[in-house]
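Engineer: my questions concern the predicted model and sequence given below.
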Amino acid sequence: MIIARSAQELREALSTKNGSVGFVPTMGALHIGHRTLIERARRENDVVVVSIFVNPTQFLPGEDLSKYPRREEADFKICELSGVDVLFYPDVNAMYGDDEVRIVAPDVRGYILEGASRPGHFDGVLTVVMKLLNIVRPARAYFGKKDAQQLVLITQMCENFFMDVTVIPCDTVRENDGLALSSRNVYLSVSERNDALKLSASLKRSTKLVMQGTLDACTIKEQMLAILEPLDVEYVAIVNRSFESIEQVIIGNTIILVAARVGTTRLIDNVWM
Ligand code: PAF
């Protein structure tokens, strides 16, 4: 596995490889969810590139940038064992200069739900993803459905800017008890982890209701909120795949989302139906 620390090193590394490039952008602290993305990229491409970069521009002041888990040695090993060809591991100076042009998230879709709780977050995500895609120039880029709004906005950016890449949505990976895998789960104490199960339990309930024929968004949200008690819920939302709020679930075009604080940790989860 080649480790590239700048755009130029990455380009040099890729110039020695032939065939389609599959790209998995990450912020490190890799878990089985990331491995699943890497394994899929491995199956579907000739060359696999993973980036590990804790992108400062997507963290708001007071968020967990400084304590975000960093696990260089373990992450390198995971990449190596998962068959990654090139690991892109830049520092902040290799990615950002002064007074730069930035991508701005769309006014509505970028500023509701996650964007309302974290205003400006998606500007940072889209800016870094644009940079990464331009550096790596992959045929396919792999993103998890757990960050549903991020995935939808990145897909939209690639369409709006006529970018020559296919964004591949990948299913959320869960622990046996339902907890969605996240690098931030390491912040949870044992009792908080137990409380965190309410997020997936509420989504499970929503799926059951829909399967039983209850499509009314208000009824589903009420029942989810009852399960989520006494957590500090930021939102429960039912949207279509363009992130427009809907009153009735449309099978094949609905995402049900939840964001809540468990202790000091902010968790998100969702189900696509
Ligand atoms: O989902 C993430 O890990 C990050 O938001 C991403 C896409 C790597 C951009 O920093």
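Structural biologist: Looks like it came in fine.
Engineer: now do the contacts for the one residue in the stretch 51-200 of the chain that gets nearest to the ligand.
Structural biologist: Per C-beta to the nearest ligand atom, the residue of the stretch 51-200 of the chain with the smallest distance to the ligand is residue 55, at 4.0 Å. (C-beta placed from N, C-alpha, C; glycine too.) Residue 55 makes contact with 27, 95, 124, 125, 128, according to C-beta atoms under 8 Å, 6 or more residues apart in numbering.
Engineer: from those residues, keep the buried residues only.
Structural biologist: 27, 95, 124, 125, 128 (16 or more other C-beta atoms under 10 Å).
Engineer: so who does the third one touch?
Structural biologist: Residues in contact with residue 124, defined by C-beta under 8 Å, 6+ apart, are 55, 56, 57, 58, 59.
Engineer: reformat those as TSV; add pLDDT.
Structural biologist: Converted to TSV, the contacts of residue 124 look like this (pLDDT from 0 to 100):
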residue	pLDDT
55	98
56	98
57	98
58	98
59	98
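Engineer: which stretches of this structure form helices?
Structural biologist: Shown for the chain, the helices assigned by DSSP state H span residues 7-15, 32-44, 72-81, 92-95, 114-117, 121-136, 148-160, 190-211, 217-228.
Engineer: I'd like to know how far the residue nearest the centre of the chain sits from residue 170.
Structural biologist: Residue closest to the average C-alpha location in the chain (C-alpha atoms, centre = their mean): residue 147, at 3.6 Å. Per C-beta to C-beta, to the nearest Å, residue 147 is found 11 Å from residue 170.
Engineer: contact partners for the residue lying closest to residue 133 once chain neighbours are set aside?
Structural biologist: Excluding the flanking residues, the one nearest residue 133 by C-beta to C-beta, 6 or more residues apart in numbering is residue 165, at 5.7 Å. Residues in contact with residue 165 (C-beta under 8 Å, 6+ apart) are 133, 137, 138, 139, 140, 141, 158.
Engineer: try 7 Å this time
Structural biologist: Counting by C-beta atoms under 7 Å, 6 or more residues apart in numbering, residue 165 makes contact with 133, 138, 139, 140, 141, 158.
Engineer: which parts of this protein sit against the ligand?
Structural biologist: For the chain, the contact set with the ligand under C-beta under 6 Å from any ligand atom comprises 25, 26, 27, 55, 58, 125, 128, 129, 147, 150.
Engineer: repeat the analysis, applying 5 Å as the threshold.
Structural biologist: 25, 27, 55, 125, 128 (C-beta under 5 Å from any ligand atom).
Engineer: low-confidence stretches in this structure?
Structural biologist: Regions of the chain meeting the criterion pLDDT under 70 are absent.
Engineer: distance check, residue 255 against the ligand.
Structural biologist: For residue 255, the distance to the ligand equals 16 Å [C-beta to the nearest ligand atom, to the nearest Å].
Engineer: what do you get for residue 222?
Structural biologist: Separation of residue 222 from the ligand (C-beta to the nearest ligand atom) stands at 31 Å.
Engineer: on that earlier part again, identify the farthest-apart pair in the buried ones among the contacts of residue 55.
Structural biologist: Spatially, the most separated pair among those is 95 and 125, at 13.3 Å (C-beta to C-beta).
Engineer: which residues does residue 233 contact?
Structural biologist: Applying C-beta under 7 Å, 6+ apart to residue 233 gives the contacts 225, 260.
Engineer: change the start of the numbering to 38 and stick with it
Structural biologist: Understood, numbering begins at 38; the last thing we discussed is residue 270.
Engineer: how about stretch 234-249: buried residues?
Structural biologist: Buried residues in stretch 234-249, counted by 16+ other C-beta under 10 Å: 234, 235, 236, 237, 238, 239, 240, 242, 243, 246, 247.
Engineer: show me what contacts the nearest residue to residue 158 once chain neighbours are set aside?
Structural biologist: Nearest residue to residue 158 in three dimensions, chain neighbours excluded: residue 95, at 5.4 Å (C-beta to C-beta, 6+ apart). The neighbourhood of residue 95, defined by C-beta under 7 Å, 6+ apart, consists of 158, 161, 162, 165.
Engineer: before we move on, the earlier item: now the contacts of residue 92 as CSV including distance to residue 138?
Structural biologist: Below are the contacts of residue 92 laid out as CSV (distance: C-beta to C-beta, whole Å):
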residue, distance to residue 138
64, 22
132, 14
161, 13
162, 16
165, 13
